[in-house]
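J.: Sequence plus the predicted model coming up.
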Amino acid sequence: MEATKCPRCTVKKSDREIIQGFGKERGNLLPILHALQDNSRYVAAEAMEEVADWLSIPVSEVYGTATFYSLFDMKKKGQFVIRLCDSPPCHIEGAEAVKRAIERKLGICEGETSKDLRFTFENVSCIGLCGVAPAMMINQDVYGNLTPDMIPGIIDKYCEEEL
Amino acid sequence: MAFYRSHILVCSGTPCILKGAAAVQSALVKEIERKGLANEIRVVETGCLGISEKGPVMVVYPEGVTYCHVTVADIPEIVEEHLLKGRVVNRLVYKDALNTAVKAPEPARQKEQRVILKNIGVLDPTSIEEYIAYGGYEALGKALTEMTPEEVIATVKESGLRGRGGAAFPTGLKWELTRKSDGDNKSIICNADEGEPGNFKDRLILEGDPHSVIEAIIIAGYAVGAKMGYVYIRGEYHQSVSHLELALVKAREMGFLGKDIFGSGFDFDIQVFKGAGAYVCGEETALIESLEGRRGEAMVKPPYPPTQGLWGQPTVINNVETLANVPQIIVNGAAWYKALGTEKSQGTKIFSPCGDVLYPGVYEVPLGATMREVVFELAGGTKSGKQFKAALIGGPSGVCVGKESLDRHFAYEDLSPGAGAVIVVDEGKCIVDLIHNCLKFFVHESCGQCIPCREGTKRMLELADGWISGQGKPEDIGLMTELAEGLAISSRCGLGQVAGTAFLTSLNLFADEYKAHTENAVCPAGVCSMNGGNADNG
C-alpha cells in the first residue's frame, strides 16, 4: 500500500518494510514503534504518518503514544545511549558522583547528545540492577558497582568503535 | 539427553557478568573443546549462585566444588587439572572463614527456603529438558488431565496465595471472578513490568527459570477459560525477553502450547509483549491500555480487569512471582503450601534487600520472617558498619520504617512486604535527601493524566528541592503533609495515591531531621549541600 497522505514526506524504505511486516491491528502499535526505534535509533515523523495509515488511526494518536514512552525517541540519539539510574537504591550508593564523572568525560550534560552523535547521556528510573547499585546501561551492556574512577575506562571502550 | 560425566554451572547473575563471567564461560567452552572433552563435560549457564561478591563463580558437579574469582587465565589450569586429571585447583576453591572448602550453596543461603527460586542457579534456563527432568510441567499435566478448572481454582484459593506485586489480592479469588465473568476471549496477563526501584526479583525468575512462569500462565488459562496469555515485560530487560522467547519456542515444540494441549481439548498460546519505559504500566489498567497500543494511562476502577480487561474481556493480571508459586501448589497441594508462612500469610516471599547492605541480592524466605532477619542475616547488615537507620519497604511507593520496626514480621497482618524491596540506608544517609529522590522519581513517572498526581508530585518536589538546598520554611512540613494526604485520596491510580506515603511515614520517625532542614537549613547527616538555590545536591 502506498502512503498518499503527505507527498512531501518520504518514509525510509526500511521503515516502510518494517511497518508492512506487521498486521493492521491497533495492538501492534508498540511492537511497530519498537522495531522502528531499533532500525533508526529514533522514530521518524514520516514513519509515524505511515504507521497511522497502516493501522487506520489518527497520526496524533501514534505521536501521543510514541512520546509517552521513554524508550522511543523523536530525534536521533547518539550511537551509544548511556542510561544511568538515579532511583533511590542507586542514588544512595553514589549515582550523583558517577553522573558528574560521565558529564566530565563526555563534555556534555545529562540529557544531551555529543556533537559527533556518538553518545547520548541520560538519567533514567530504576533499571532493575539495584543489587549492583549504582548501575547504568550503555545500549544493552550492563555496568554496576560503579565508581567515578571507572567511568573513563568504560567510556573509552566505546570511543574505539567506528561510527 | 546425552550423558555427561561432569556439569559445570557458570553463574550468569548480573554481578558475575559485570566481573567478566561471559568471557570466562566462553574461554571454558573453547578450552573444553580444544581438549576434546566436549562430549563428556557440559557447561551450563545458570542464574545467580548467590556468592555474587566472589564472582565470577562456577561449580563443578558431581563433586560440587565451587571456584570463585575465576579469570580467563585460570581456565586452562581448571580444565587440565580438574576436568582432565581430577585434581581440584585449591587456590581457586571457595573457602569460608575457617578456610574450609564450601560446597555450593554458600552458608548464608541455607537460611533461605527456596520454593519459587528452587531451580535458580541449579538448572539451565535455556533447556526445557532440564526443567522437565526437575519435575517441570508436571503441574500442567496434573491440572489438565486430572483436575477440572474449578478444582484448580479451589486449590489455589485454598492455598491462600496472594498477589506478590504489592497489592496482595487473593489469587484464587481473582481467577474465580474471571472464570465466572462472561466473555469468550479471556486472557491471562503476566505482569513482568518490574519497575519499582529496589525490586529485581522478577528479573531473576524470568532469566533463571522462565518455564515456571510459562507453566503457571497455561494453568491459569485453563482455570479461567482463557485463550491467550501475554507477558508484559520491561523493554529494558533484554535478557529476560530473550530467555522467555526461547522458552516459549521450546514449549510450543513440546506441545505445551498450541492446540489440544495434552489431549485435553484446551487451546492456549502465549505472547511476549515488550514495554517501552513507563513505570506506570505496572498498574494493571495502564498495562492493559499499553497492550492495546495506547498511552499507558490508568483507568477508573471499577470495572476491574476480571470483568472487563484486555479488549473489554475478562482478564487475569498476575505478577511474575505470584505465578511462579502456582505449579508447586498444584503438584504439592494447598495444605503443603499453607504450612509455609504464618497463619494469615501463607507461602514464601522473595525479598530484594539493597542500598547500604553488605550483600544486596534476592532471597526467598517464608512470610513471617522479621525485617532483622532479612537485613542482617540474609543481607549481612550494613556494609559501612554504621548503624541501620531506615528502610523503604517495597520501594519509593512503600512505607519508610526505622530501627523500631526491625523485629516486625513481614506478613500481611503485620509489616506488608510490598513487592519485596527493602532499600536500606545507614546512619550516614539523610532521610530528607532520600525522600527528595523518591519524589523526583514520581514526578518523572507520573503519567500526567489526572491533575492531583501531575501537579501534586511537582509541588511536593519543589518543596523538597528547597529543603535539601537550605531554602526550606517551617510551614513547608504542614503543606507537604496536606499535599501527600490530598494525593492519597484524589489520585486516579496507585502511583499518585502512594507518592507521599514514604514522606508521611518517615515524618514522625525523623521529625528532628525534617525540622533541622526546614527551620535551621542544616543537614544533620551532612549529605545535602544546603548551598541555597542549587537543588541538584551531591
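T.: Thanks, I have it.
J.: What residues does the stretch 51-200 of chain B have near chain A?
T.: The stretch 51-200 of chain B comes close to chain A at residues B:52, B:194-200, as judged by C-beta under 8 Å from any C-beta of the partner chain. C-beta here means a position set from N, CA and C on the backbone, and glycine is covered the same way.
J.: Any part of the host helix or strand of B:V432 near chain A?
T.: Following DSSP states H and E, one finds B:V432 within helix B:431-445. Yes - using C-beta under 8 Å from any C-beta, helix B:431-445 reaches chain A at B:434, B:437-438, B:440-441, B:444-445.
J.: Which single one of those is nearest to chain A?
T.: For the residues of helix B:431-445 next to chain A, the minimum distance to chain A (C-beta to the nearest C-beta) is 4.5 Å, reached by B:N437.
J.: Can you give me the pLDDT of the closest one?
T.: With respect to pLDDT, B:N437 has a value of 96.
J.: pLDDT weak spots in the chain?
T.: Going with chain A. Within chain A, the stretches with pLDDT under 70 are A:1-9.
J.: wrong one, chain B
T.: Residue ranges of chain B with pLDDT under 70: B:1-2, B:50-52, B:96-110, B:532-538.
J.: Where do the strands of the stretch 51-200 of chain B begin and end?
T.: With DSSP state E, counting those that start in this stretch, the ranges of strands along the stretch 51-200 of chain B come out as B:58-61, B:65-67, B:186-192.
J.: Nearest spatial neighbour of the most centrally placed residue in chain A, chain-adjacent residues omitted?
T.: Nearest to the mean C-alpha position of chain A, by C-alpha atoms, centre = their mean, lies A:L71 at 5.0 Å. In space, and not counting its chain neighbours, A:L71 is closest to B:G277: 3.9 Å by C-beta to C-beta, 6 or more residues apart in numbering or on different chains.
J.: what does A:V59 give?
T.: What sits nearest to A:V59 in space, not counting adjacent residues and going by C-beta to C-beta, 6+ apart, is A:A52, at 4.2 Å.
J.: Next, the residue nearest to A:L71: secondary structure please.
T.: Three-state assignment for B:G277 (DSSP: H, G, I helix; E, B strand; the rest coil): coil.
J.: Torsion angles phi and psi at it?
T.: Dihedral pair for B:G277: phi 90, psi 60, per degrees, to the nearest 10.
J.: Quick check: it vs A:H34, distance?
T.: Distance, B:G277 to A:H34, by C-beta to C-beta, to the nearest Å: 11 Å.
J.: what do these two both touch?
T.: Taking C-beta atoms under 8 Å, 6 or more residues apart in numbering or on different chains as the criterion, B:G277 and A:H34 both touch A:71-72, B:235.
J.: now stretch B:378-388, how far from the centre of its chain.
T.: How far stretch B:378-388 lies from its chain's middle: 22 Å, per C-alpha atoms, centre = their mean, to the nearest Å.
J.: what about that stretch, how long is it end to end?
T.: 15 Å (C-alpha to C-alpha, to the nearest Å).
J.: Now do the buried residues in that stretch.
T.: By neighbour count with 16 or more other C-beta atoms under 10 Å in any protein chain shown, stretch B:378-388 contains the buried residues B:378-383, B:388.
J.: Do any residues in it lie close to chain A?
T.: No - Stretch B:378-388 is not in contact with chain A by C-beta under 8 Å from any C-beta; minimum separation 9.6 Å.
J.: hmm, who's touching that stretch?
T.: Stretch B:378-388 is contacted by residues B:108, B:111-112, B:351, B:353, B:356-361, B:363, B:365, B:375-376, B:403, B:406, B:422, B:424, B:426-428 when judged by C-beta under 8 Å, 6+ apart.
J.: Mark which of those are buried, thanks.
T.: Neighbour counting over the contacts of stretch B:378-388 (16+ other C-beta under 10 Å) leaves B:108, B:112, B:351, B:353, B:356-361, B:363, B:365, B:375-376, B:403, B:406, B:422, B:424, B:426 as the buried ones.
J.: Sitting in strands, which of these do you find?
T.: B:351, B:353, B:363, B:365, B:422, B:424, B:426 (DSSP state E).
J.: farthest pair in the residues you listed?
T.: B:V365 and B:D426 (22.4 Å; C-beta to C-beta).
J.: Which phi and psi values does B:P306 adopt?
T.: Dihedral angles of B:P306 (phi, psi; degrees, to the nearest 10) stand at phi -60, psi -20.
J.: Can you name the residues that contact B:A143?
T.: If a contact means C-beta under 8 Å, 6+ apart, then B:A143 has B:152, B:219, B:222-223, B:330 as its contacts.
J.: Throw those residues into CSV and include neighbour count and distance to A:Y143, thanks.
T.: Below are the contacts of B:A143 laid out as CSV (neighbours: other C-beta atoms under 10 Å in any protein chain shown; distance: C-beta to C-beta, whole Å):
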residue, neighbour count, distance to A:Y143
B:V152, 25, 44
B:I219, 27, 38
B:Y222, 23, 42
B:A223, 28, 42
B:I330, 27, 40
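J.: which one of the residues of the stretch 51-200 of chain B next to chain A has the most neighbours?
T.: Comparing these by number of neighbours (other C-beta atoms under 10 Å in any protein chain shown), B:G198 comes first, having 33 neighbours.
J.: what does the stretch 201-350 of chain B put close to chain A?
T.: For the stretch 201-350 of chain B, the contact set with chain A under C-beta under 8 Å from any C-beta comprises B:203, B:234-238, B:273-279, B:290-296.
J.: Please flag which of those residues sit within helices.
T.: When DSSP state H defines the helices, the subset of those inside them is B:203, B:238, B:290-291.
J.: The residues you listed into JSON lines, with extra columns for distance to B:H211?
T.: Output for these, formatted as JSON lines (distance: C-beta to C-beta, whole Å):
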{"residue": "B:R203", "distance to B:H211": "16"}
{"residue": "B:H238", "distance to B:H211": "19"}
{"residue": "B:S290", "distance to B:H211": "25"}
{"residue": "B:L291", "distance to B:H211": "23"}
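J.: buried subset of these?
T.: Neighbour-count burial (16+ other C-beta under 10 Å) applied to these gives B:203, B:238, B:290-291.
J.: What ranges does chain A have for its strands?
T.: Secondary structure of chain A (DSSP E): strands at A:80-85, A:119-124, A:136-138, A:141-143.
J.: okay, those in CSV with mean neighbour count and distance to chain B next?
T.: Shown next, in CSV, are the strands of chain A (neighbours: other C-beta atoms under 10 Å in any protein chain shown; distance: least, C-beta to the nearest C-beta, whole Å):
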stretch, mean neighbour count, distance to chain B
strand A:80-85, 22, 8
strand A:119-124, 21, 8
strand A:136-138, 21, 7
strand A:141-143, 18, 6
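J.: picking that back up, a markdown table please, covering the contacts of B:A143 and showing distance to A:I127 and secondary structure.
T.: Below are the contacts of B:A143 laid out as a markdown table (distance: C-beta to C-beta, whole Å; DSSP: H, G, I helix; E, B strand; the rest coil):
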| residue | distance to A:I127 | secondary structure |
| --- | --- | --- |
| B:V152 | 36 | helix |
| B:I219 | 31 | helix |
| B:Y222 | 35 | helix |
| B:A223 | 34 | helix |
| B:I330 | 34 | helix |
